[in-house]
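Asks: Need coordinates for the below:
(one chain, ligands or ions: 1)
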Amino acid sequence: MTKINNGRCGNGFFISFEGVESSGKTTQVHLLTRWLKDSGYPVVQTREPGGCGLGEKIRTLLLNPDEGISAEAEMLLFAASRAQLVREVIRPALAEGNIVVCDRFVDSSLAYQGYGLGIDLDVVWQVNRPAVGETVPDLTLVVGAGPQLKGVQARDSSDRIEARHDRFHERVRCGYLRLAKDFSHRMEMVDSSVGAEAAAERVRQLVAQRIEPMRGDLKDA
Ligand code: TMP
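Replies: Presented below is the predicted three-dimensional model:
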């Protein structure tokens, strides 16, 4: 079988999910992980910020509405959480030949801290370069309602970032549309307005066409 080399470590496959608040993204993360497991694929599910001890502590800080955090400190904290998750979870899992399914990754920093907060995108990239190195997703699924990638439900404003003004979230949404164009080689948009199960079917199609050719190379698959 042809070996698909993702250019980083091992024979794993790296999938990230992205989207605005309440887009239905996390539901799709869970549905895909369950389907992959049921289909016999080795899978590691994780999330950002978080996914490891340090990352979860940083997540608590970042989302605490009582914490005053500058835009630059926020960008660096997300990158710090990412640097740890990449080394502690993602790279080892890929090296062992797993499929990694990550709820958000570096595109969230481009969308939220770059487009949303207005930090220069090159700066966001430079800060994240040492965090991710060559570990970038093979496939990124941007989930949202319709071609405009809107949220499917009202936002719950209990966390510090979700509680931001509508204008911020609108910039994030437009940022994702831009990113989906700029990175069309690895990004696909998934319409969640059709319902969770129909969206999950689309996700499965997009994933299956990429991973089936490498099935023999994945751990225990
Ligand atoms: P979640 O609600 O999808 O778990 O994500 C947590 C929040 O963190 C969400 O409001 C998006 C935000 N976020 C960023 O602003 N930048 C990032 O790099 C990441 C990973 C998340």
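Asks: near the ligand, which residues of the protein?
Replies: Listed as neighbours of the ligand in the chain under the rule C-beta under 6 Å from any ligand atom: 21, 48-49, 78, 104, 108-109, 112-113, 161-162. For the C-beta atoms, the positions are set from N, CA and C on the backbone; glycine is no exception.
Asks: Could you tell me which of those count as buried?
Replies: Buried members of the residues of the chain next to the ligand, counted by 16 or more other C-beta atoms under 10 Å: 21, 48-49, 78, 104, 108-109, 112-113, 161.
Asks: and Val101, that one's in a strand?
Replies: Yes - with DSSP: H, G, I helix; E, B strand; the rest coil as the criterion, Val101 is part of a strand.
Asks: Contacts only, for it.
Replies: Going by C-beta atoms under 8 Å, 6 or more residues apart in numbering, Val101 touches 15, 17, 29, 32-33, 36, 43-46.
Asks: On the pLDDT front, check the closest residue to Pro137 other than its chain neighbours for me.
Replies: The spatially closest residue to Pro137, leaving aside those adjacent along the chain, is Ser16, at 4.1 Å (C-beta to C-beta, 6 or more residues apart in numbering). pLDDT, Ser16: 98.
Asks: Helix, strand or coil: sort out Ser16 for me.
Replies: Ser16 ends up strand, using three-state DSSP.
Asks: List the residue ranges of the protein that fall below the pLDDT cut-off.
Replies: Applying pLDDT under 70 to the chain flags residues 1-10, 221.
Asks: wait, Met214 sits on Asn11?
Replies: Yes - when contacts are counted by C-beta atoms under 8 Å, Met214 is listed as touching Asn11 (6.8 Å).
Asks: which one is the residue positioned nearest the centre of the chain nearest to, not counting chain neighbours?
Replies: Among the residues of the chain, the one closest to the centroid is Arg104, at 2.3 Å (C-alpha atoms, centre = their mean). Closest residue to Arg104 apart from its sequence neighbours, by C-beta to C-beta, 6+ apart: Glu48 at 4.3 Å.
Asks: what sits against the one you found?
Replies: 55, 78, 81-82, 85, 102-105, 108.
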